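S.K.: my questions concern the predicted model and sequence given below.
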Amino acid sequence: MSLRVYSTLSRQKEEFQTVVPGQVGMYLCGPTVYKPAHIGHMVGPVIFDTVKRYLTYSGYKVKFVINITDVDDKLIVKAAEKGTTVNALAREMTQDYFDNLKTMGVDTVDLFPYATEHIPEMLSMIQTLIDKGYAYPLEGDVYFDVSKDEDYGALSHRNVADMMAGTRVEASDRKRSPADFALWKRSKPNEPAWDSPWGQGRPGWHIECSAMSLKHIGATLDIHGGGLDLMFPHHENELAQSESCTGHKFTRYWLHNGLMQSSKTAGKIGGQHDRHGDSPADALAEKEAQEAGKLAGSKGAASVKDLFLKHAPETVRFFLLATHYRSPIDFNDENIAETGKSLEGFYRLFELFQRITTRDYFTLAVPQLRSGTTELSGDPAVFFTELTALRNRFLDAMDDDFNTGGAIGVLFEMRKAINGLVAAEKLETAKGSPAGMAAFVTAMTLFRELSSLLGIFNAPPPKKTGADDQFAGELMSLILELRAEARTTKNWSMSDKIRDRLKALKVIVEDRPESVTWRRDV
RNA sequence: GGCGCUGUAGCCAAGUGGCUAAGGCAGCGGAUUGCAAAUCCGCCAUCAUCGGUUCGACUCCGAUCAGCGCCUCCA
């Protein structure tokens, strides 16, 4: 099967064909760096990091760009609140963002362009739009004239008249139409400002993405990603500006990811949402409830760094990818904790591999390209037949609009199949055959090849608290040695007492055919 | 009001015009174990409701109910 992707513009899955064969230009709308990132900010990067991994594996050369918005109203307000400068705040929060990306395993981004470093490109674009009659300067601002763009609204499937009907936009007397949006805003005193043909000012929100994507990728992007909330007005406006400016199709495939939701608060205020009918007080309460249930708007949304105090980053990444990227994700501690539990079985498998083969799973050399995928042949033949089928299902799922949830399901099945092999071939005892061992290694190599496409299981899981302490390790050796003596004399009550008491201390002891292992379970 | 999305087992979740509707977590039964743990095997869903199209629908269409998003410079 070849790759198909769902594009918001056409509202259907399309055959994936790039502008330049074999190459992909991918642009993702990044953060406005005015506050610490929360989990919602990580969704897009994790998803598109995974997309890049898969495209690269499929043989494409991918350029992946995420912009950093470092000038914006919110930044200005926040910097003033904190008594710092816009620049200093932006730098601090950008670093926070980068730290979080790294922790989440997002390491395939090629470039993070900054808005403030692309002012000349934006000015040039704005000038072109004015020259072509798509934009008009007004008292130091410059607006895009929506009425000049016949396709306006195509992406979000709405038209200007309908939108106006429902909004309480006070018709700004200054703009020709309330729907017109700012390309350039004149600055007030003490605000960041740049010289322009229209006076001192700063860029509007949307123009930076148009200018930076044009400069760093080209007039036509293969993939433009972002959260569903950005579809309108941000992406609609980008689209309008860019196509009006360059005359080329702006983006081949629009990929929008679903948003994080918190079930803790969402839905508590029931009833039909009617923004016109409610009393002001009700409307306010309703809005607050909605804001709280919506991570992005919630002032109280935990920062990513706080989240990592409770959950391992790999668990969070796995959790995000277990649901299709276009679906909303219900984010709460219980759901993530459950994901954490379901990962334990994989960690057991990696330990098993180490124990049996004495090889380090995480340094297994794996194929980097689909064309060079792990060869699956040998004994037992039925096992290899099963592996082949599983691999095909995994890749088919990924080919179908990056269905990571389906692919993850295949990983669980692969885990079961491999554990089954180990049991059937008695690999954990001295009776294991060379062919069985070889099959085990091959299967784990394939597992690593596929799981790495999701950016997971690339490194050993973090040790549980206390388990990496050398002193604790030595004590455990001593205890287990004494327990082993008790067991040789069949002193089961002593043996069991030790194990039970350790269990109360969150130390799990496992007696295996030829060894005893322990681990922390916190 | 306008434009959209979602509703699959106790919970999370993939998917399909017809063959057994993935997988995980929890639960139950069994194998294994001195007993456990881990692992394996087995069990656990008339796919929100009603109607229509069809030889046949959970899948397509319509209505209803419920939840949610955007229209307000949130990823």
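M.R.: Here it is on my side, so go on.

S.K.: from now on I want contacts and neighbour counts done on CA atoms only, so please keep to that.
M.R.: Fine.

S.K.: tell me the SS of the closest residue to residue A:495 other than its chain neighbours?
M.R.: Nearest non-adjacent residue to residue A:495, counting by CA to CA, 6 or more residues apart in numbering: residue A:483, 5.5 Å away. Three-state call for residue A:483 (DSSP: H, G, I helix; E, B strand; the rest coil): helix.

S.K.: so residue A:32 makes contact with residue A:70?
M.R.: Yes: in this structure, residue A:32 is within contact of residue A:70 by CA atoms under 8 Å, at 6.2 Å.

S.K.: so how far is RNA strand B from residue A:490?
M.R.: When CA to the nearest atom of the strand, to the nearest Å is applied, the distance between residue A:490 and RNA strand B equals 7 Å.

S.K.: phi first, then psi, for that residue.
M.R.: phi 60, psi 30 (degrees, to the nearest 10).

S.K.: residues near it, how many?
M.R.: The number of residues packed near residue A:490 is 11, by other CA atoms under 10 Å.

S.K.: which pLDDT value goes with it?
M.R.: We note a pLDDT of 94 for residue A:490 in this prediction.

S.K.: list the contacts of it.
M.R.: Contact partners of residue A:490, counting by CA atoms under 8 Å, 6 or more residues apart in numbering, are absent.

S.K.: residues contacting the nearest residue to residue A:322 once chain neighbours are set aside?
M.R.: In space, and not counting its chain neighbours, residue A:322 is closest to residue A:405: 4.3 Å by CA to CA, 6+ apart. Residues in contact with residue A:405, defined by CA under 8 Å, 6+ apart, are A:321-324.

S.K.: and residue A:405, helix, strand or coil?
M.R.: Residue A:405 - assigned by three-state DSSP - is helix.

S.K.: on that earlier part again, hmm, the residue nearest to residue A:495 is touching residue A:494, no?
M.R.: Yes: shown here, residue A:483 and residue A:494 form a contact pair, counting by CA under 8 Å, at 7.5 Å.

S.K.: more neighbours, these two?
M.R.: Shown here are residue A:483 and residue A:494; by other CA under 10 Å, residue A:483 has more neighbours (19 against 14).

S.K.: quick one: distance of the helix or strand encompassing residue A:510 to the chain centre.
M.R.: Taking DSSP states H and E as the definition, residue A:510 sits inside strand A:507-511. From the chain centre to the centre of strand A:507-511 is a distance of 35 Å (CA atoms, centre = their mean, to the nearest Å).

S.K.: what of stretch A:145-152?
M.R.: The answer for stretch A:145-152 is 33 Å, by CA atoms, centre = their mean.

S.K.: may I see the buried residues of it?
M.R.: Residues of stretch A:145-152 classed as buried: A:145-146, A:152 (neighbour count, 16 or more other CA atoms under 10 Å).

S.K.: make JSON lines from those and add pLDDT, distance to RNA strand B and secondary structure to it.
M.R.: Output for these, formatted as JSON lines (pLDDT from 0 to 100; distance: CA to the nearest atom of the strand, whole Å; DSSP: H, G, I helix; E, B strand; the rest coil):
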{"residue": "A:145", "pLDDT": "91", "distance to RNA strand B": "15", "secondary structure": "coil"}
{"residue": "A:146", "pLDDT": "90", "distance to RNA strand B": "13", "secondary structure": "helix"}
{"residue": "A:152", "pLDDT": "89", "distance to RNA strand B": "13", "secondary structure": "coil"}
